[in-house]
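Q: Quick one: sequence and predicted model below, then my questions.
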Amino acid sequence: MISNITSHFRFAIPARIAGLLALLMMTFGSAKAQLVFGTQSIAFGSLNRAGRSTVLYSDAGSAQFSVIARSGKKTRLTVSSASLTRSTRTLPITINTVDCAFSTDGGTTWTVFSTGTLFHDVTPPNGPFNLGTILVKVGGSVTASSTQQRGDYSGSVTLTAVYR
């Protein structure tokens, strides 16, 4: 059995601190600044050799991010992933557009990326201090080969946000 198949986000900080940093960054920093932080890693769980594990964006184990950006300023969200690794062994993460979704209303409704690629242009909602929050969920799948080395694999799912 291959165990603990997880993908880690790059940067995680408590939500209160993130909000304060965003406020400072938007008030005193560059008008081009956005804050992206991961709130949860994607968790594929354990799988056997020649097994497959799929996590939907709507599953509790999906990767989750928050993007804080200027309200009304179109922001391009781009998802990228690397293979999960253990020493020199790899286990590719497959992510398709149907595995990525965003919400601009606090998670009440979710919109799947519809560009046919792993990016989507989103306009943040109006919020306090002219800042809006976009929530993003990312799922995906991994398939182990029949000769996959057993052990713990880890890697990254990355979300990048840039103003358009």
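A: Sure, I can see it. Numbers count the residues shown, from 1 in each chain.

Q: Would you mind listing where the chain has pLDDT under the threshold?
A: 1-33 (pLDDT under 70).

Q: which residues does the closest residue to residue 100 other than its chain neighbours contact?
A: Spatial nearest neighbour of residue 100, chain neighbours left out: residue 113 (4.3 Å); criterion: CB to CB, 6 or more residues apart in numbering. No exception for glycine: its C-beta is placed from N, CA and C like everyone else's. By CB atoms under 8 Å, 6 or more residues apart in numbering, the contact list for residue 113 reads 77, 79, 97-98, 100-102, 119-120.

Q: again, 6 Å this time
A: 97, 100, 120 (CB atoms under 6 Å, 6 or more residues apart in numbering).

Q: could those residues be laid out in JSON lines, adding neighbour count?
A: Converted to JSON lines, the contacts of residue 113 look like this (neighbours: other CB atoms under 10 Å):
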{"residue": "97", "neighbour count": "16"}
{"residue": "100", "neighbour count": "30"}
{"residue": "120", "neighbour count": "21"}
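
Q: could you redo those as CSV and give each row secondary structure and distance to residue 141?
A: Below are the contacts of residue 113 laid out as CSV (DSSP: H, G, I helix; E, B strand; the rest coil; distance: CB to CB, whole Å):
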residue, secondary structure, distance to residue 141
97, helix, 14
100, strand, 13
120, strand, 20
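
Q: Closest one of those to residue 138?
A: residue 100 (5.3 Å; CB to CB).

Q: May I ask you to confirm that the closest one is in contact with residue 80?
A: No: with contact defined as CB atoms under 6 Å, residue 100 and residue 80 do not form a contacting pair (10.8 Å).

Q: Excluding chain neighbours, what is closest to residue 119?
A: Per CB to CB, 6+ apart, closest to residue 119 is residue 78, 4.3 Å.

Q: Ok, residue 118 next?
A: residue 79 (4.4 Å).

Q: for residue 105, same thing?
A: Per CB to CB, 6+ apart, closest to residue 105 is residue 125, 6.9 Å.

Q: where do the helices sit along this protein?
A: Taking DSSP state H, the helices of the chain run over residues 15-28.

Q: Just list the residues touching residue 151, thanks.
A: Taking CB under 6 Å, 6+ apart as the test, what residue 151 contacts is residue 86.

Q: ok, it to residue 54 distance?
A: Applying CB to CB, to the nearest Å, the value for residue 151 to residue 54 is 21 Å.
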